[in-house]
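Novice: sequence and predicted structure below; questions after.
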Amino acid sequence: MKVFRKISAALIGASLLVPVFMAAAQNTTRPDRPERPENARLARIEAIKKLCQAQTRRAENAIDRMDKLIDRIDEYIAKLEASGVDTTSVENLMDQATDQKNTADDLLIEAENKCSAIGTAELPKQAVKEYMTAFNNLKKQMISLHKTLKEIVRSLKSLERDDNEEENEND
């Protein structure tokens, strides 16, 4: 009985495997793969261009937010000056921040131009590298501007504290 089971199992296994081996023996080579269409290349370039546009849009929004911060800080400096606080040290930092913001605006325009050139460039890879260089310069400038704004806020807080202490001493 055991022998019969082994033989029947071997026959069933062989009957299942023979068609598989026969099919594999008939066609052992892979059919020629068609060339990638030009549309796929253009789609990749377009996707890269959209990513660049999204990055520059985010950078533009960040610069706008920093510009609003500069305006608010200017208003606060005017308020402190009206109350008689000497803000000359902070005004120098504000001039520096304004210059950095103007430089960031120029770098943003450069990055936008490099981004728009990606779709029309003969060598898109080179155009992307140029864009990334321009964008990294913009990013460094924005980080520098942010540090300057943080320093201005710290200085303003210390000026306000000093002013409050003087008022308390006078009372």
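Specialist: Right, received. Where do you want to start?
Novice: give me the below-cutoff pLDDT ranges for this structure.
Specialist: Applying pLDDT under 70 to the chain flags the ranges 1-36, 163-171.
Novice: summarise which helices and strands the lengthiest helix in it is packed against.
Specialist: Counting by DSSP state H, the longest helix found in the chain is helix 124-170. On a contact count with 3 or more C-beta pairs under 8 Å, 6 or more residues apart in numbering; DSSP states H and E, helix 124-170 meets helix 38-82, helix 88-117. For every residue, glycine as well, the C-beta is placed using N, CA and C.
Novice: what's the most buried one of those?
Specialist: Sort those by mean neighbour count, taking mean count of other C-beta atoms under 10 Å, and helix 88-117 sits at the top with a mean of 17.
Novice: between helix 124-170 and that one, find me the angle.
Specialist: With axes from the mean of the first three to the mean of the last three C-alpha atoms, to 10 degrees applied, the angle from helix 88-117 to helix 124-170 works out at 160 degrees.
Novice: now do helix 88-117 against helix 38-82: the angle between them, please.
Specialist: For helix 88-117 against helix 38-82, the angle between stretch directions is 170 degrees (the same axes, to 10 degrees).
Novice: and the residue nearest the centre of this protein?
Specialist: Nearest residue to the geometric centre of the chain (C-alpha atoms, centre = their mean): residue 55, 5.0 Å.
Novice: OK, contacts around the residue lying closest to that one once chain neighbours are set aside?
Specialist: Using C-beta to C-beta, 6 or more residues apart in numbering and skipping the chain neighbours, the partner closest in space to residue 55 is residue 135 (6.2 Å). Each residue near residue 135 by C-beta atoms under 8 Å, 6 or more residues apart in numbering is listed here: 52, 55, 56, 59, 111, 114.
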